[in-house]
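J.: Curious how this folds, go ahead:
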Amino acid sequence: MNRLKAGYVLTRNPMNHSQVSRISLSPDTVDCIVFWTKDPANMLDRLKLLDEMGYPYYFQFTLTPYGTDMERNLRDKSRITETFLRLSETIGREKVLWRYDPIVLNHRISIDCHRERFEFLCSELSGYTNICTISFVDMYAKLTKAIGENLIREITETERNRLAELFSQTGRRYGIEIRACCEKTDLTGYGIRPAGCIDRETVEKICGYPIHGKRDTNQRPGCGCIQSVDIGAYNTCKNGCIYCYANYSHNAVDKNCSLHDPSSDILIGTVRPEEKIVVRRAESLREHQTRLF
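T.: As a prediction, this is how the structure comes out:
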């Protein structure tokens, strides 16, 4: 919120730490803000101010059925579900997109477990969201420990198809469209189309005008997102999810979080005097002034 008030933010290139960019956050430049979160409780009392500042936005809200063995530092899921409902009631269900990902199977979590838990969550969230995005866990090299402890395993194509069928059928019963994020398996036969987390159609509905956003070629194969600017950083999330690709170690997270200053113009630490700050070109993607919705 401090950076929105200031009108800009500094970010580091995750692949080149010394490369710092200045990103404009002017409402005239920002067509839409997309928040990724597992628990936006600390944002709820700031939404009115965000509206007053003139920023269109929506939430990608991840809500899974896992316990603290998988997602170690999250609040009780019933409380997070209450936050989901409150957020939807506050800003509208079209601005709260549910994510049920990653889908994990192990010796305790079976297909039947997902069937039961997904239906329960659908019953809770029906009427509070229109879309649920699913994805199957990716076996990143850094997940060796979780794999060795049998908390994560590869999901077969047969299992993917069975789960997709179950999710699709359940979603239809509760009026929730199921989409799939970056999946190699073609799930369109189950009525599940590829997802774009930063989806042109969704952004246009939220901001109220057509945009000429191009596909983001820097993302993984199968990603349907349009181009955007990510102002987050690796090794900054304290949720402690064992399947996470964005944290390297607990020590790295603790160190980075200790360097966070809410008044700084960069998320972690400071920019040294000898480091060069490059102003990144930023402009609205709107095609014209005609409102669509």
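J.: What are the boundaries of the strands in the stretch 1-150 of the chain?
T.: Counting by DSSP state E, counting those that start in this stretch, one finds strands in the stretch 1-150 of the chain at the ranges 8-13, 16-24, 33-37, 57-62, 96-103, 131-136.
J.: The last one packs against which elements?
T.: Counting contacts by 3 or more C-beta pairs under 8 Å, 6 or more residues apart in numbering; DSSP states H and E, strand 131-136 packs against strand 96-103, helix 157-173, strand 177-180. Every residue, glycine included, has its C-beta placed from N, CA and C.
J.: in its sheet, what does that strand sit against?
T.: Note on strand 131-136: by DSSP bridges, its sheet partners are strand 96-103 (parallel), strand 177-180 (parallel).
J.: ok, now which ones touch the spatially most central residue of the chain?
T.: Central residue of the chain (C-alpha atoms, centre = their mean): residue 36, 3.3 Å from the mean position. Residues in contact with residue 36 (C-beta atoms under 8 Å, 6 or more residues apart in numbering) are 59-60, 62, 197, 232.
J.: Buried only: go through the residues you listed for me.
T.: Using 16 or more other C-beta atoms under 10 Å as the burial test, the contacts of residue 36 include 59-60, 62, 197 as buried.
J.: Which one of these is nearest to residue 227?
T.: Lowest distance from residue 227 to these (C-beta to C-beta) belongs to residue 197, with 12.5 Å.
J.: Surely that closest one is in contact with residue 180?
T.: No - counting by C-beta atoms under 8 Å, residue 197 sits too far from residue 180 to count as a contact (11.4 Å).
J.: Report the set of residues contacting both of those two.
T.: Counting by C-beta under 8 Å, 6+ apart, the shared contacts of residue 197 and residue 180 are residue 133.
J.: Relative to residue 236, how far out is residue 267?
T.: Shown here: residue 267 relative to residue 236, a distance of 7 Å by C-beta to C-beta, to the nearest Å.
J.: Mind checking which of these two has more residues around it?
T.: residue 267 (19 against 16; other C-beta atoms under 10 Å).
J.: so who does the more buried one touch?
T.: The contact partners of residue 267, taken as C-beta under 8 Å, 6+ apart, are 9, 11, 231-233, 236, 260.
J.: next one: residue 55
T.: Residue 55 touches 4, 27, 30, 32-33, counting by C-beta under 8 Å, 6+ apart.
J.: Thank you kindly, that will do.
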